[in-house]
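**Q** Sequence and predicted structure, then a few things I'm wondering about:
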Amino acid sequence: MQITEPVTMLTDFALGAVNLFFAFATYNNFNSKNRVVSLLLLLGFLAQALSGIAGGVFHGFSLEMTNATRQQIWNLTLLGIGATLGFLASAIHAADVRRENGKWIGAGVAIGVAGLGIQMTGFRLHQSFNHNDIFHVIQIAGIFLFFKGARRLQDRAA
């Protein structure tokens with residue numbers, strides 16, 4: 001079995017693992033003051049974990065798959081990305097965001113968008129470290145900052 005893009009596969013799996021950690025940390029932080037926000041964050045982090053793992057499978061083993069399987073894995077990856085954005089944006093909308101938390105969340109979003117811009121250029125640092133790998137590493141940093149700001153959010157008062 002030949003791995004198609006080993007570094008991209010590993011950085012995708014790292015992105016998935018980091019988001020699984022954030023999902024578990026969010027689950028462990030559930031309380032009566034953050035039920036809605038925590039559920040949405042949990043779902044967002046799980047969706048991004050799914051997307052990272054599916055992306056890793058796609059980039060790592062695409063030569064071993066049929067065209068139909070490859071397309072299904074890629075669709076799952078894209079669905080996970082869309083769900084991540086929807087759930088995390090909904091969590092912020094449902095939250096009572098204070099200035100201190102908002103700074104971290106804003107920084108995380110800005111770094112994620114910057115990483116996406118780099119990915120779109122096709123820039124590569126090395127033959128084995130391409131635009132996808134750079135984006136995944138930047139996205140890990142961005143989601144860490146987002147999590148740092150979002151982990152103590154509480155639901156808005158009714």
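**A** Yes, it's here. Every value quoted in this text rests on a predicted model; they were computed, and no experiment measured them.
**Q** Could you identify the helix or strand that succeeds the one helix or strand G82 maps to?
**A** Following DSSP states H and E, one finds G82 within helix 67-94. The helix or strand immediately downstream of helix 67-94 is helix 99-121, counting by DSSP H and E.
**Q** Tell me which other helices or strands that next one touches.
**A** helix 131-150 (3 or more Cβ pairs under 8 Å, 6 or more residues apart in numbering; DSSP states H and E). Quick note: C-beta positions are derived from backbone N, CA and C, even for glycine.
**Q** Report all helices and strands that the helix it packs on contacts.
**A** Against helix 131-150 (3+ Cβ pairs under 8 Å, 6+ apart) you get helix 6-27, helix 35-61, helix 67-94, helix 99-121.
**Q** Contact partners for the residue nearest the centre of the chain?
**A** The centre of the chain sits closest to Q48, judged by Cα atoms, centre = their mean, with a distance of 3.9 Å. Q48 sits next to 15-16, 19, 80-81, 84, 143 when contact means Cβ atoms under 8 Å, 6 or more residues apart in numbering.
**Q** so which of those residues would you say is closest to R98?
**A** Distance to R98, by Cβ to Cβ, is smallest for I143 among the contacts of Q48, at 20.0 Å.
**Q** neighbours of that closest one, just the number please.
**A** I143: 25 surrounding residues under other Cβ atoms under 10 Å.
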